[in-house]
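[1] just a sequence and a predicted model for now, questions to come.
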Amino acid sequence: MPHEIDVPKLQEWLAQQKPVTVLDIRSPRDREQWWIPGSIHADVYESLKAGDASGLDTLALPRQQPVVTVCGSGRMSLKAAEALEARGLSARSLQGGMKAWSLARNTASRLFEGGEIIQVRRTGKGCLSYLVLSGGEAAVIDASLDPEVYLSLAQAGGTRIRYVLDTHIHADHLSRSRRLADSVSGAQLLLPKQDRVRFSHTPVIDGDKLQLGGTSIEVLSTPGHTGESVSYLIPNVGVFSGDTLFLNGVGRPDLHADGREAATRARMLFGSVSRLTALDTHLLLFPGHTSEPVPFDQEMLTASVGVVAGRLKDWLASEDEFVNRLLARLPPSPPNYALISQLNESGEWPDSDPTDLEAGANRCAIS
Ligand SMILES: [Fe+2]
């Protein structure tokens, strides 16, 4: 029986740049949805299922480093690892497959005068969350991973979490913010003001300022992706734009909205994106998502407001142009988004494995 490797171990190997061949055996269609950064591909899933492992024989795999085989849920990858072991390679199967990999993460960080920003990238899904550390205090923005991840990063930076913030009520992943705030005594859970959420929190509105160590966080109302969406600005440093503005696109305005509501929100989004792109061009933009798996390269996914504004110049030529472009490009809403939103509104945590619900690439961006 070949060995298995679990997600934390593979994540550690990749973070340490340990030589390893990650071999994805899923169909091209499945792989196209999401993949492990740096992995190679062999379209052998169906043949393995039919009991034929010969598709693996012709693969040129380096013999001096381990191979980790990957499929959707970790069953057929065991067969692939078995076949490779029979060829004398050191092979392991990724336990739980890509479903389990959904929780894999890596980080990048950047210092600023008076503090540090850590970008926590859920590379298995594309969600980006942040810690801002300053003067012994930390704020967490858009927590999408287990509270322990943020607690240990805050602690390693010599800080204590004071604020837990969401930019909006998420639809693509279960917010971990409530659970994180509950696990730190004295931490405040802050959400944009709205009437959707049914658990205790402190609402924030445009113009609110939060003192964090030696810096401050200012709330900018940026509705459109959702009615309540806000962005969080650290003066002279950058802006956390949630799903309002991405590095190369904007948020979709149609989640839980009919055609008329989506058009109204698209107009609101034009105002919000215009507001963000009119900020100081040197500020950095820290988005809430990326649409591709994040490499283990410690490179922060960010760009200056000036660069992003340049990329969106055609979009922002006029409000009508913006709205028409946006509405013409809307992909279908993933079916699980309605249930995720409901859970984020009620604050309930599902009894089942959250990755079942969160499966699939995020579909929050339009570019
Ligand atoms: Fe979103």
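    Yep, that arrived.
[2] Three-state assignment for the residue nearest to residue 253 when sequence neighbours are not counted, please.
    Spatial nearest neighbour of residue 253, chain neighbours left out: residue 265 (3.6 Å); criterion: C-beta to C-beta, 6 or more residues apart in numbering. (Glycine included, C-beta is placed from N, CA and C.) Under DSSP: H, G, I helix; E, B strand; the rest coil, residue 265 falls in the helix class.
[3] what parts of the stretch 51-200 of the chain come near the ion?
    Proximity of the stretch 51-200 of the chain to the ion (C-beta under 5 Å from the ion) involves no residue at all.
[4] the stretch 51-200 of the chain: strands as residue ranges?
    67-70, 91-94, 106-112, 115-122, 127-134, 137-141, 160-165, 188-192 (DSSP state E, counting those that start in this stretch).
[5] need these in TSV with mean neighbour count and mean pLDDT, can you?
    TSV is the format used below for those (neighbours: other C-beta atoms under 10 Å; pLDDT from 0 to 100):
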stretch	mean neighbour count	mean pLDDT
strand 67-70	27	98
strand 91-94	26	97
strand 106-112	16	98
strand 115-122	22	98
strand 127-134	25	98
strand 137-141	26	98
strand 160-165	24	98
strand 188-192	23	98
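[6] could you dump those strands to JSON lines with distance to residue 171?
    Listed next are the strands of the stretch 51-200 of the chain as JSON lines, based on distance: least, C-beta to C-beta, whole Å:
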{"stretch": "strand 67-70", "distance to residue 171": "27"}
{"stretch": "strand 91-94", "distance to residue 171": "28"}
{"stretch": "strand 106-112", "distance to residue 171": "24"}
{"stretch": "strand 115-122", "distance to residue 171": "15"}
{"stretch": "strand 127-134", "distance to residue 171": "12"}
{"stretch": "strand 137-141", "distance to residue 171": "17"}
{"stretch": "strand 160-165", "distance to residue 171": "17"}
{"stretch": "strand 188-192", "distance to residue 171": "14"}
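[7] can you get me a residue count around residue 298?
    12 (other C-beta atoms under 10 Å).
[8] got the contact list for it?
    106, 107, 108, 109 (C-beta atoms under 8 Å, 6 or more residues apart in numbering).
[9] mind doing that once more with 7 Å?
    residue 108 (C-beta atoms under 7 Å, 6 or more residues apart in numbering).
[10] ok but it is inside a helix, no?
    No. With three-state DSSP as the criterion, residue 298 is located in coil rather than a helix.
[11] what about it, distance to the ion?
    25 Å (C-beta to the ion, to the nearest Å).
[12] surely residue 35 touches residue 26?
    No. In this structure residue 35 lies outside contact range of residue 26 using C-beta atoms under 7 Å: 8.6 Å.
[13] so where's the protein uncertain?
    1-2, 360-362 (pLDDT under 70).
[14] ok and the residue in it nearest the ion?
    Nearest residue of the chain to the ion: residue 243, at 3.6 Å (C-beta to the ion).
[15] now that residue: how far from residue 167?
    The gap separating residue 243 from residue 167 is 7 Å, by C-beta to C-beta, to the nearest Å.
[16] joint contacts of the two?
    Taking C-beta under 7 Å, 6+ apart as the contact rule, residue 243 and residue 167 both touch 229, 288.
[17] neighbour count winner among residue 35 and residue 26?
    residue 26 (24 against 20).
[18] please, which helix or strand holds that one?
    Taking DSSP states H and E as the definition, residue 26 sits outside all helices and strands.
[19] which stretches of the protein form helices?
    Remark: helices assigned in the chain by DSSP state H are 7-15, 28-33, 45-49, 76-86, 97-101, 147-156, 177-182, 259-277, 305-311, 319-328, 337-346, 354-358.
[20] in TSV: these, plus mean neighbour count and distance to residue 139.
    Below are the helices of the chain laid out as TSV (neighbours: other C-beta atoms under 10 Å; distance: least, C-beta to C-beta, whole Å):
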stretch	mean neighbour count	distance to residue 139
helix 7-15	17	24
helix 28-33	12	32
helix 45-49	17	43
helix 76-86	22	39
helix 97-101	22	28
helix 147-156	17	9
helix 177-182	21	11
helix 259-277	19	19
helix 305-311	17	20
helix 319-328	16	31
helix 337-346	16	19
helix 354-358	17	24
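[21] need those in JSON lines (columns: distance to residue 141).
    Below are the helices of the chain laid out as JSON lines (distance: least, C-beta to C-beta, whole Å):
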{"stretch": "helix 7-15", "distance to residue 141": "22"}
{"stretch": "helix 28-33", "distance to residue 141": "26"}
{"stretch": "helix 45-49", "distance to residue 141": "38"}
{"stretch": "helix 76-86", "distance to residue 141": "35"}
{"stretch": "helix 97-101", "distance to residue 141": "23"}
{"stretch": "helix 147-156", "distance to residue 141": "10"}
{"stretch": "helix 177-182", "distance to residue 141": "9"}
{"stretch": "helix 259-277", "distance to residue 141": "15"}
{"stretch": "helix 305-311", "distance to residue 141": "17"}
{"stretch": "helix 319-328", "distance to residue 141": "25"}
{"stretch": "helix 337-346", "distance to residue 141": "15"}
{"stretch": "helix 354-358", "distance to residue 141": "19"}
